[in-house]
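>>> build me a structure from this.
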Amino acid sequence: MTQLNEAERDHVAAPPAGVLSSEQIKELIRQGCIQPASIPNENIQPSSVDLRLGKVGYRVPASFLLSKGGSVQDKLDGYAGDYYRFNIEKGAFLEAKKTYVFQLEESLSLPSTLKARSNPKSSTGRIDTFARLITDDCTNFDNVAPGYKGGLYLIVYPMSFDIKVRSGITLNQIRFSTTGNKHRLHLEELQKVYTEEQLLYSKEGTPIPLNEAIVEEDGLFLTVDLEDDVVGYRSKKNAKPIDLTKHDHPMEEYWELVKRPKNGRLILDPDFFYILKSKEKIRIPLGYACEMVDFHSGIGEFRSHYAGFFDPGFGYGERGEIKGSHAVLELRMRDSPMELMDGQIVVKMVFERMSRKPSIAYGVGIASNYQNQSLRLSKHFIME
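Numbering: from 1, shown residues only. The predicted structure is shown next:
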């Protein structure tokens, strides 16, 4: 590995504008901008890196930011005596509706030309668990400032279920991009890409023409599907803990089926968590990355998704041979019940250009759990 000093890192040649691909991420690891060098190859995705829990966790009273500056570790040390520190090398249980912080195994020493953003992994979001990244001097969650040098910490807040974690497992992923937002697609460019690449298909696999898609200035909207015999899953109360190191939990112990509503209307209760799916199938061409916007007040007072990153190749394949995959929606109401109708807009997708096309695609020769998905729970459950 070529280990660059601080001055050399700040003068690394800026890559073309956009989200960094797997090859560019590996180069950052070789340069020491992402440490340690021993990150497993399977943790590197087409446009992101899966981050690993370290050995130690902290029970804290609430999530926090450091808008006035300072280090996360100093903040955690300030809780000594009031809350507790625990080791997770052999595993530990996290109670639902309690807040925990973990130092991650990875740290960063970014050049000033790069920034980063974190999201929970799909499997984390589908068990109703918040996983929010914080750094030293952070002023907002999940965003890493250009040129950041320091450790990474993850706030974990299970909502519906107690969970068991262990050091080395991955709950979130991080995506690197050049500074600025010029690589985000706005209306005209998004329409052009849609026409050239056919981004949306119907559930039957028929191309949805651009004039029938819902496209606004900076995003593409998807609607909810309430037409199938089973339209979703709703979390059960008082279920056993979910061991995140295992993939054999019986689905029926944790979830109840949501059947097709007779009148086409489904009422979401804020006391429960729902897994639904989009009516449309979406695909992400290799030259682009996508993120699902988790909250849009104009659509409704609910969180539509926890894990928003969609990698190049999702629902697309290596050569565009796949006619899209459904987007799974992780829905939780904020305060009051809300009625959903079949075909109602529920989520916005924003697209960004890749700095370089990745040599690997989601679901092609790598461990990708949700390619060609329909209505799908997380990988931790045995589906019927």
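>>> quick one, longest helix in the protein?
helix 187-197 (DSSP state H).
>>> who touches it?
Residues outside helix 187-197 that contact it (CB atoms under 8 Å, 6 or more residues apart in numbering) are 185, 199-200, 210, 213, 215-220, 283, 285, 288, 320, 351. To be clear about C-beta, it is placed using only N, CA and C from the backbone, and glycine gets the same treatment.
>>> switch the cut-off to 10 Å
184-185, 199-200, 208-210, 213, 215-220, 283-288, 316, 320, 349-351, 353 (CB atoms under 10 Å, 6 or more residues apart in numbering).
>>> which helices and strands does the next helix or strand after it pack with?
With elements assigned by DSSP states H and E, the helix or strand that comes after helix 187-197 is strand 200-201. The helices and strands touching strand 200-201, judged by 3 or more CB pairs under 10 Å, 6 or more residues apart in numbering; DSSP states H and E, are strand 274-282.
>>> show the average pLDDT along the strand it packs on.
Mean pLDDT, strand 274-282: 96.
>>> return, as residue ranges, the portions of the protein with sub-threshold pLDDT.
For the chain, the stretches with pLDDT under 70 are 1-13, 294-305, 307, 365, 367-370, 384.
>>> for the residue of it most remote from its centre, which residues are in contact?
Distance to the chain centre peaks in the chain at G81, reaching 33.9 Å (criterion: CA atoms, centre = their mean). Going by CB under 10 Å, 6+ apart, G81 touches no other residue.
>>> quick one on the thing from earlier: among the contacts of helix 187-197, which are located in strands?
Per DSSP state E, strands hold the following members of these: L200, V215, E216, G219, L220, Y288, M349, V350, F351, R353.
>>> among those, name the buried ones.
Buried by 16 or more other CB atoms under 10 Å: L200, V215, G219, L220, Y288, M349, V350, F351, R353, out of the ones in strands among the contacts of helix 187-197.
>>> SS state for K262?
coil (DSSP: H, G, I helix; E, B strand; the rest coil).
>>> spatially, which two of the buried ones among the ones in strands among the contacts of helix 187-197 are the most separated?
L200 and R353 (18.9 Å; CB to CB).
>>> and V346, how close does it get to D311?
According to CB to CB, to the nearest Å, V346 and D311 sit 21 Å apart.
>>> neighbour count for the two, which is higher?
A direct count of neighbours by other CB atoms under 10 Å for V346 and D311 places D311 higher, at 27 against 24.
>>> show me the contacts for the more buried one.
19, 22, 45-48, 173, 175, 284, 286, 288-290, 358, 360-363, 366, 368, 371.
>>> one more time with 6 Å
Residues counted as contacts of D311 (CB atoms under 6 Å, 6 or more residues apart in numbering) are Q45, P46, S47, Y362.
>>> the second one - how many residues pack around it?
Burial measure for P46: 27 neighbouring residues, criterion other CB under 10 Å.
>>> ok, the first one next?
The burial count assigned to Q45 is 24, neighbours taken as other CB under 10 Å.
>>> same check on the third one?
A total of 32 residues lie near S47 under the criterion other CB under 10 Å.
>>> I figured it hits V19, correct?
Yes - S47 is in contact with V19 according to CB atoms under 6 Å; the separation is 5.2 Å.
>>> identify the contacts common to those two.
A289.
>>> go through stretch 102-111 and flag the buried ones.
Quick answer for stretch 102-111 (16+ other CB under 10 Å): F102, Q103, L104, E105, E106, S107, L108, S109, L110, P111.
>>> stretch 234-241 now?
R234, S235.
>>> then that stretch to PDB, C-alphas only?
Output of stretch 234-241 as PDB, limited to C-alpha atoms (Å, rounded to 0.1, in the frame of the first residue of the first chain):
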ATOM      1  CA  ARG A 234     -46.400  -5.500   9.300                       C
ATOM      2  CA  SER A 235     -44.200  -5.900  12.400                       C
ATOM      3  CA  LYS A 236     -45.400  -7.900  15.300                       C
ATOM      4  CA  LYS A 237     -45.200  -6.800  18.900                       C
ATOM      5  CA  ASN A 238     -43.000  -8.500  21.500                       C
ATOM      6  CA  ALA A 239     -41.100 -10.700  19.100                       C
ATOM      7  CA  LYS A 240     -37.900 -12.500  20.000                       C
ATOM      8  CA  PRO A 241     -34.600 -10.700  19.400                       C
END
